[in-house]
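Peer 1: just a sequence and a predicted model for now, questions to come.
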Amino acid sequence: MLLPHCSFYFLRHGVTDHNQRRVVMGQMDIPLNDTGRRQALAAGRLLAAAGVDRIAASPLVRARETAEIVGGVCHGLAPELVPDLSERNWGALTGRSHRELFKLPPDATPEGAETPEEFSRRILTAVASLIPHDGNRHPILLVAHAGACRVLRRHMGLDDGQAPVPNAVPVLFSAEEDGGWREIRVV
């Protein structure tokens, strides 16, 4: 699956209590905490200044709430909810400590979980269907999860082993003239 070579914004949802406790959420529907709501508001101000005019989001409450807060700041934009932007289904690891997740080999699939290939295909297909194909001057904002960000970075050749983008820090995935991609944090 190839992505159209067109820039777009990505925002990982604001922080949750489970993030702070380092719990594998996967597709658990966990809300933002007060810090996450403040983060979303700050991100919304940055993205409004960037001219975002369309928002698509994972329907999981932490991403949906982030997108709604950002959309409220961005001239009342209502987010389009896209189920395929949801976080990876981690099966038996859901609700467990991140330490258990990090002990797994990168290509491991816990019992009842999506395979890495299934998850990557789902995310890339969703993103390819959402980003503009025409070089729209005001790119779309995608609000999703750390796993989706890792998939995008890997696909774009930007995976440098760094931790995922922090919660509620807007990123522009910039389509470069040489055909490559560049990741720019919006500050």
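Peer 2: Everything's here; your move. This structure is a prediction, so every number in the text was calculated from the model and none was measured.

Peer 1: buried set for the helix or strand of the chain with the lowest mean pLDDT?
Peer 2: Using mean pLDDT, DSSP states H and E, helix 98-102 stands out as the lowest-scoring helix or strand of the chain, at a mean of 87. By 16 or more other Cβ atoms under 10 Å, the buried positions in helix 98-102 come out as Leu101. In short, each C-beta sits where N, CA and C put it, glycine included.

Peer 1: what does it rub up against?
Peer 2: Helix 98-102 is contacted from outside by Arg22, Val23, Val24, Trp90, Leu93, using Cβ atoms under 8 Å, 6 or more residues apart in numbering.

Peer 1: try it again at 10 Å.
Peer 2: Applying Cβ atoms under 10 Å, 6 or more residues apart in numbering, the contact partners of helix 98-102 are 18-19, 21-26, 90, 92-93, 108, 110.

Peer 1: same deal with stretch 176-186?
Peer 2: 3, 5, 7, 9-11, 43, 46-47, 49-50, 52, 149, 152-153, 155-158, 160, 162, 165-166, 169-175.

Peer 1: the residues you listed, buried ones only, as a PyMOL selection?
Peer 2: Of these, the buried ones go into a single PyMOL selection, burial set by 16+ other Cβ under 10 Å:
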select buried, resi 3+7+9+10+11+43+46+47+50+52+149+152+153+155+156+165+169+170+171+172+173+174+175
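
Peer 1: perfect, that will be all.
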